[in-house]
Structures are given as C-alpha cells and as structure tokens.
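In: I would like the atomic coordinates for the input below:
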Amino acid sequence: MSSPSLKAKKAYFAKVCRRNYAASLRLEGFDVPRKTSEPRFSSKEEAVRFHSRQR
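Out: Model (predicted):
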C-alpha cells in the first residue's frame, strides 16, 4: 500500500481544519452554514483576474 502524497495530506489537513473551525464556531453560538463549499477560485491568478474586473 502506498502512502498518500504530500499534496493529498495538505488538502486533507486543510479540509479537517476548516471543519473543526466551523464546529468550534457553532459551539460558541455563531450561525455557520453547514454547507462546506469548495474554494471559489481554483488559483490565485483566477481570483486576481476576477477581482480586478470588479472595479
């Protein structure tokens, strides 16, 4: 059995971290949407282009 790649490990950690943070906010009484959405942009360049057009 091969071990997961570093990229897969980082993605898993980021996903778990977001879920734990949302759960923590819920425990503190904040209204947090249950839907776990994927990032809006696939890359930093795409985000910069989108926000540059908004002005």
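In: drop to CA atoms for contacts and neighbour counts, all remaining ones
Out: Fine.
In: What lies in contact with the helix or strand bottoming out on mean pLDDT in the chain?
Out: Using mean pLDDT, DSSP states H and E, helix 44-53 stands out as the lowest-scoring helix or strand of the chain, at a mean of 87. Residues external to helix 44-53 that are found in contact with it (C-alpha atoms under 8 Å, 6 or more residues apart in numbering): residue 41.
In: Just the pLDDT for residue 1.
Out: The score at residue 1 is 68. That number is its pLDDT.
In: which residues in the chain form strands?
Out: In order along the chain, the chain carries no strands (DSSP state E).
In: which helix in it runs the most residues?
Out: Using DSSP state H to define each element, the chain has its longest helix at helix 6-27.
In: elements contacting it?
Out: If you count contacts as 3 or more C-alpha pairs under 8 Å, 6 or more residues apart in numbering; DSSP states H and E, helix 6-27 packs onto no helix or strand.
In: hang on, the earlier thing: how distant is the least confident helix or strand of the chain from the center of its chain?
Out: 18 Å (C-alpha atoms, centre = their mean, to the nearest Å).
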